[in-house]
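Trainee: just to be clear, the model below is a prediction. Sequence and coordinates:
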Protein chains: 2
Amino acid sequence: MSDLSAYRVAWIGTGVMGLPMCGHLIAAGAKLTVSNRTRAKADPLVAAGAAWVDTPRAAAQAADVVFTIVGYPQDVRQVYLGPEGVIAGARPGAVLVDMTTTEPTLAVEIAERASAAGATALDAPVSGGDVGARNGTLSIMVGGDQAALERVRPLLAALGRTIVHEGGPGSGQHTKMCNQVVIAGTMIGVCESLLYGFRAGLDLETLLQSIRGGAAGCWALDNLAPRVVKKDFAPGFMVDHFIKDMGIALQEAARMRLALPGLALVHQLYVATAAQGHGRSGTHALFLGVEAVSSERGAAP
Amino acid sequence: MSDLSAYRVAWIGTGVMGLPMCGHLIAAGAKLTVSNRTRAKADPLVAAGAAWVDTPRAAAQAADVVFTIVGYPQDVRQVYLGPEGVIAGARPGAVLVDMTTTEPTLAVEIAERASAAGATALDAPVSGGDVGARNGTLSIMVGGDQAALERVRPLLAALGRTIVHEGGPGSGQHTKMCNQVVIAGTMIGVCESLLYGFRAGLDLETLLQSIRGGAAGCWALDNLAPRVVKKDFAPGFMVDHFIKDMGIALQEAARMRLALPGLALVHQLYVATAAQGHGRSGTHALFLGVEAVSSERGAAP
């Protein structure tokens, strides 16, 4: 791993993803300033040597490279464009890297505002989940100026295994949306398949053994279907967050005048799954949501 | 490979799947009698030493083990239960193996009729497509009497790599349905994802490089998405046949009082894709079907 001691880095957002990711940068020698809505969540990073500041603006004032990974698009908007936001504090020449999964159009807006402030913004959402964040094996999908990407690539290399420049501003977010659209399909396929097999009286372990090696093979069948069989619906990736992502994809698709009927249905079935009380379960709880549709008791307790 | 010369085998159905499969048995030394609706399609097998007969009944009369792989459920019904069908000619103690993808309830009916005639029927649909048939690498999902499966296992081992006993009569077909339900999900996910990426102006090859290694990873993304990118919609597995399979799964699910909304939508989108003239294209032509939904010209030429 490169020596990152030449970088002055700000990190905003120290949740389940941001905390271990920021930790990798500290471990590699970068000088870190951190900020987060809930200060206590950043304590382990401060203990590891990071400086704490109260606002994204103050964080940006201290850094050449600013990373953000927060929750929803409105959080990203506040963190970047609010009065105490990153843009208000950005140093000339700084590179601002948003790793939140958010709206491609918002990424474009932030890139324009950053440019007007003399900085450069990249959208760089990730896939690989909390496991990938802890292990530094994320896939990072980068939209924006390629020269800016090359400046921060040594930092990204401490966070992920696959770092791909997808195109101009927003194209990282668009790529992440494409990723989520495929996952929506694999999830409905796997969950309805298991439900059919369960109702038909098949042994589900035998079923998985028979079908996982062929044309039905997918990550969800390998990694999530065995958890469904064990009735283990802990996250992994949470239903509520996936609903957010699918909502963004549908909104962007509509803006492009593109109908995605499959994604729209899966989105609705996930909304129903969350309504039944599974919003903080893993995405494979879609099995429960679809099961309830055909249950005599519905979703009633 | 075992010496199969002790087996007197009948093979009915010598299409794109049956022809190479039957060829493997001849190559392994089994004594073959063949029959097919269109005689000319069996010519290569006759040239390789198989005996020709005109009817399934006559084929069954000559054999201890009868294999069938035909097209639609009505074909299976005719081949087994018609006046010139397999059951009418089945020898006492014979094992009858239907490898067509067909209705689980029909498989149960055939098993009952075979039993009344002193024979044993297995349902043993396959996955792996024409490539798996040619290479002898199919996955074979077997429902019915386990002892009968063990009697014919040396023959099945010449046809496939994975041979799994799924349970009683019909459970092979149910397992195949589960396989097709997963595929329906992966296909809509992959096709809508590529369509989104195309409309968003992404480089589709770069997109695939970014997402195929993670949670979106699936057989369809590895094997069919690159063909979509090249606009190569040759089959592979044909849209019309997939529509048949999904129709069976929906019908069986409804019989079990199970709603599968995802599968139902994908089925309808494939019906639309076929209506647009792509019935004999590969299943990844779903991309064209969904694309047409949002096209100004619709599906008009």
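Mentor: Thanks, I have the structure now.

Trainee: so the residue nearest to residue A:72 when sequence neighbours are not counted is in which element?
Mentor: Leaving aside its chain neighbours, residue A:72 sits nearest to residue A:244 (6.1 Å; criterion: CB to CB, 6 or more residues apart in numbering or on different chains). Placement of C-beta: from N, CA and C, glycine included. Per DSSP states H and E, residue A:244 falls inside helix A:239-255.

Trainee: residues in contact with that helix?
Mentor: A:72-73, A:101-105, A:173-174, A:176-177, A:180-181, A:183-184, A:259-260, A:263-264, A:266-267, A:270-271, A:273-274, A:278-283, A:285-286, B:196, B:199-200 (CB atoms under 8 Å, 6 or more residues apart in numbering or on different chains).

Trainee: so how far is it from its chain's centroid?
Mentor: Here helix A:239-255 is found 12 Å from its chain centre; the criterion is CA atoms, centre = their mean, to the nearest Å.

Trainee: re earlier: narrow the contacts of helix A:239-255 to just the buried residues.
Mentor: Neighbour counting with 16 or more other CB atoms under 10 Å in any protein chain shown marks A:72-73, A:101-105, A:173-174, A:176-177, A:180-181, A:183-184, A:259-260, A:263-264, A:266-267, A:270-271, A:273-274, A:278-279, A:281-283, A:285-286, B:196, B:199-200 as buried within the contacts of helix A:239-255.

Trainee: those in helices, which ones?
Mentor: Residues of the buried ones among the contacts of helix A:239-255 located in helices (DSSP state H): A:73, A:104-105, A:173-174, A:176-177, A:180-181, A:183-184, A:263-264, A:266-267, A:270-271, A:273, A:286, B:196, B:199.

Trainee: what about the closest residue in space to residue A:78 that isn't next to it in sequence, how many neighbours?
Mentor: When the adjacent residues along the chain are set aside, residue A:78 lies closest to residue A:85, with 6.7 Å between them (CB to CB, 6+ apart). As a burial measure, residue A:85 scores 23 neighbours (other CB atoms under 10 Å in any protein chain shown).

Trainee: list the contacts of residue A:85.
Mentor: For residue A:85, the contacting residues are A:56-57, A:78-79, by CB under 8 Å, 6+ apart.

Trainee: how about the residues of the stretch 1-150 of chain A that lie near chain B?
Mentor: Residues of the stretch 1-150 of chain A found near chain B (CB under 8 Å from any CB of the partner chain) are A:104, A:127-129, A:132, A:139, A:141.

Trainee: could you dump those residues into CSV and include secondary structure?
Mentor: CSV is the format used below for the residues of the stretch 1-150 of chain A next to chain B (DSSP: H, G, I helix; E, B strand; the rest coil):
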residue, secondary structure
A:104, helix
A:127, strand
A:128, coil
A:129, helix
A:132, helix
A:139, strand
A:141, strand
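
Trainee: closest to residue B:212 among those residues?
Mentor: Of all the residues of the stretch 1-150 of chain A next to chain B, residue B:212 sits closest to residue A:139, with 9.6 Å by CB to CB.

Trainee: look at the nearest residue to the closest one once chain neighbours are set aside and tell me its secondary structure.
Mentor: Excluding the flanking residues, the one nearest residue A:139 by CB to CB, 6+ apart is residue A:162, at 4.2 Å. Of the three states, residue A:162 takes strand under three-state DSSP.

Trainee: domains for chain A, by residue range?
Mentor: Structural domains of chain A, as assigned by automatic domain parsing, span the residue ranges A:8-167, A:175-292.

Trainee: out of these, flag the one nearest residue B:96.
Mentor: domain A:175-292 (21.2 Å).

Trainee: now do residue A:102 against residue A:76, distance only.
Mentor: 5 Å (CB to CB, to the nearest Å).
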